[in-house]
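Q: predicted structure and sequence below. I'll ask about it afterward.
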Amino acid sequence: MGLILVGLVFVLDVPGRLSTTSDVSPEWLLGVALAFCAASVFACALWITDHKLAQVRGSVRSLLTIFIVFSSVNLAGLTGALPGGLNLPATSTGWLALATLVVLYGTGFIVLFISVPRLNMPRNAPVMNIEPLATLLMGWIVLDQMLSAGQVLGGVIVVTGIVLLTYRMTGAPK
């Protein structure tokens with residue numbers, strides 16, 4: 001697991017960000033703090049789902065989760081806590097991006113919360129560390145973002161760590 005975390009440090013380009021001579025902006029620090037908060041809340045949601053809500057049907061868990069997120073975002077937007085508030089997209093590309101986001105994240109969370117009781121989360125949780133790498137690759141493929149050599153190396157480290165951890169947990173093939 002430590003190898004995966006080291007790989008994530010490189011995927012997220014933390015060394016490159018810290019080595020720049022420019023000051024770290026408040027937005028970057030806020031982003032790091034919010035990402036840590038989101039990861040902690042997500043870990044708690046998975047734990048609650050696996051330990052306290054295993055008897056509840058997956059579709060009900062998914063509906064409740066999506067409702068809680070929807071309500072929380074609306075509340076944050078209406079109170080001004082969400083930067084930019086609840087501004088609707090101004091272009092057709094923005095609407096397409098919003099619709100795609102709703103479909104992909106909605107589908108992902110529905111599948112995840114329906115599958116959690118069947119997945120043995122303590123054994124399969126390391127695979128969740130692939131999300132930053134997948135986001136990085138999607139940015140490269142879709143948005144034509146440039147990747148540094150350190151980020152590519154970090155991606156290799158993350159995938160290697162996940163494979164090694166999965167290999168160790170399931171045992172070597174006989």
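A: Received, thanks.
Q: go ahead and flag the most central residue of this structure.
A: Nearest to the mean C-alpha position of the chain, counting by Cα atoms, centre = their mean, stands E131 at 4.9 Å.
Q: immediately after the helix or strand bottoming out on mean pLDDT in the chain, which helix or strand?
A: Ranked by mean pLDDT, DSSP states H and E, the weakest helix or strand in the chain is helix 121-124, scoring a mean of 60. Later in the chain than helix 121-124, the nearest helix or strand by DSSP states H and E is helix 131-142.
Q: tell me the buried residues in that following helix?
A: For helix 131-142, burial by neighbour count (16 or more other Cβ atoms under 10 Å) applies to P132, L133, L136, L137. Quick note: C-beta positions are derived from backbone N, CA and C, even for glycine.
Q: list the contacts for the residue nearest to the centre of the chain?
A: Contacts for E131 (Cβ atoms under 8 Å, 6 or more residues apart in numbering) come out as none.
Q: where do the strands of this structure begin and end?
A: Read by DSSP state E, the chain holds no strands at all.
Q: next, count neighbours for the closest residue to G85 other than its chain neighbours.
A: Leaving out its chain neighbours, the residue that sits closest to G85 by Cβ to Cβ, 6 or more residues apart in numbering is G77, at 5.1 Å. For G77, the neighbour count with other Cβ atoms under 10 Å is 15.
Q: mind listing the helices for the protein?
A: Assigned by DSSP state H, the helices in the chain fall at 2-11, 14-19, 26-51, 58-79, 92-119, 121-124, 131-142, 149-170.
Q: pick the most buried one from these.
A: Each of the helices of the chain was scored by mean neighbour count; the highest is helix 2-11, a mean of 17, by mean count of other Cβ atoms under 10 Å.
Q: against which helices or strands is that one packed?
A: Counting contacts by 3 or more Cβ pairs under 8 Å, 6 or more residues apart in numbering; DSSP states H and E, helix 2-11 is packed against helix 131-142, helix 149-170.
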